[in-house]
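[1] sequence? don't have it. structure:
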C-alpha cells in the first residue's frame, strides 16, 4: 500500500464493488456533520460553546460525539487552548477544507430548491 493510500479514510461500502459516492455520503449524511463543517469553514476555528451556539438545535452530547467522529476521520482537529479554565478550539484539517466546494454546493442547491416552513409537519424533508 502506498503512503498516499495510508492517509485515506478507511470506508466500507455495501454492494459488490466499493463506491466512493456511497462511502462519502455515509460520512456526510450524519445529521450535523455538514453543518459543523460549514460553520468551521466560515469561522476557521471555534470553541465548543461557540460551535454549539452556531449550529443551533444540537445537544452537547451529540455535538461532542459528532466532533469526536469528525476528528477521528481527520476532518477536524481539536486543540487544547487552556487547562484552567479548560478550553479547546476546533478547526478543519486540509482534508476538511477540501469539503468547501461540496458544502458550498449543498448551500446553493438548498437556496435554489428549498423554502423555509414554520412547522415540521409542513416539511417534506
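    In hand now; what should we look at? The shown structure was predicted, so the numbers you read here are calculated from the model rather than taken from an experiment.
[2] what's the distance between the most centrally placed residue in the chain and residue 76?
    Centroid check for the chain by C-alpha atoms, centre = their mean gives residue 33 as the closest residue, at 2.9 Å. Applying C-beta to C-beta, to the nearest Å, the value for residue 33 to residue 76 is 10 Å. No exception for glycine: its C-beta is placed from N, CA and C like everyone else's.
[3] Give the residues shared as contacts by these two.
    Both residue 33 and residue 76 are contacted by residue 70, under the criterion C-beta atoms under 8 Å, 6 or more residues apart in numbering.
[4] My read is that the residue nearest to the centre of the chain contacts residue 26, right?
    No - judged on C-beta atoms under 8 Å, residue 33 makes no contact with residue 26 at a distance of 10.2 Å.
[5] could you pull out the helices for the chain?
    If DSSP state H is used as the criterion, the helices of the chain fall at 3-6, 20-28, 33-43, 48-55, 60-72, 94-97, 100-113.
[6] Poorly predicted segments of this protein, please.
    Applying pLDDT under 70 to the chain flags residues 1-5, 123, 125.
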